[in-house]
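# I'll drop the sequence and a predicted model, then ask my questions.
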Amino acid sequence: MREAALRVSPQLAEDWMFPFFLVVVIILVLVNRDANFIRNLFRALFSRRYFKMEDRREGSSWMHGLLLFAFVLVGGFVMTFFVLNYYPLDISWSKFEVFALSCGVVFLLFGLRWLVTSMIGLAIGGGDQILTDYNKFLSLSAKSASIAAFLPMLCAAYMPLQMAHYWVIAGLIILVLFAAVSVIQGIFGALQSGVPFFYIFFYLCTFEFLPLAVFGKILVHSVNNFEVIA
């Protein structure tokens, strides 16, 4: 009897990806040892009342640091899979090199938002508390996104290549939604604190809406011209 041939569907995953996914799993397991930590994290992001309660609560700084590290890794996977699906590189870059560059971009973009908010805080004067709260919401959104986007990225990596497209889009949507939540919460906080609307409008148009509009145009163009690469 002739043995049936084993059919292996092409995947985005490569051997080097497994340790990074394992690191994220270990981080989530360690963080989840405190049964209330993740629940309080999401509550604080979506509710200003819980945000103030969480702000007064003494938390474990190592948990927050690990989740921010997980955000860099998960965000790196989102960007890597996006590039591999929509923009096949003609240069001789390996997937690992694309991933390393993507993680660096995520880290720099997150740091840049902190820098921009610091500069605006100096410009408006007396906005130290507003700046602090907004940066905390940025941190909350990043940590929450790392948890919510992990499973889609795992599926994008290890499910058949024809299905990876949908999981990559899901991961992108999650990152955008959580970033939008942090911006909305920041706007409410600034308005409640009496920040002039001009500064809020200038910041949103220049550093939030414009980058999102450019990214959204690229994303729509990519989806309309979707072609899975083998």
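All right, it came through fine. Numbering: from 1, shown residues only.
# list the contacts for Leu30?
63, 66 (CB atoms under 8 Å, 6 or more residues apart in numbering). The way it works is simple: take the backbone N, C-alpha and C, and place the C-beta from them, glycine included.
# and the gap between Ala164 and Pro19?
With the distance defined as CB to CB, to the nearest Å, Ala164 ends up 20 Å from Pro19.
# So for those two, which sits in the more crowded spot?
Ala164 (25 against 8; other CB atoms under 10 Å).
# host element of that one?
Applying DSSP states H and E as the criterion places Ala164 in helix 161-192.
# Against which helices or strands is that helix packed?
Counting contacts by 3 or more CB pairs under 8 Å, 6 or more residues apart in numbering; DSSP states H and E, helix 161-192 packs against helix 37-46, helix 48-56, helix 61-86, helix 128-148, helix 150-158, helix 197-203, helix 210-224.
# Now tabulate these in a markdown table and tack on mean neighbour count and distance to Phe188.
Shown next, in a markdown table, are those (neighbours: other CB atoms under 10 Å; distance: least, CB to CB, whole Å):
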| stretch | mean neighbour count | distance to Phe188 |
| --- | --- | --- |
| helix 37-46 | 17 | 12 |
| helix 48-56 | 14 | 7 |
| helix 61-86 | 21 | 23 |
| helix 128-148 | 20 | 10 |
| helix 150-158 | 21 | 28 |
| helix 197-203 | 14 | 10 |
| helix 210-224 | 12 | 19 |
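# of all the ones you listed, which lies closest to Ala179?
Ala179 sits nearest to helix 128-148 of all those, at 5.9 Å, using CB to CB.
# Return the distance of the closest one from the chain's centre.
Helix 128-148 sits 11 Å away from the centroid of its parent chain (CA atoms, centre = their mean, to the nearest Å).
# ok and that helix relative to helix 61-86, angle-wise?
What separates the directions of helix 128-148 and helix 61-86 is an angle of 60 degrees, with axes from the mean of the first three to the mean of the last three CA atoms, to 10 degrees.
# Can you tell me what sits against helix 128-148?
24, 28, 38, 41-42, 44-45, 51, 55, 64, 67-68, 70-71, 73-75, 110, 113-114, 117-118, 120-121, 124, 174-175, 178-179, 181-182, 185-186, 189-190, 193, 195.
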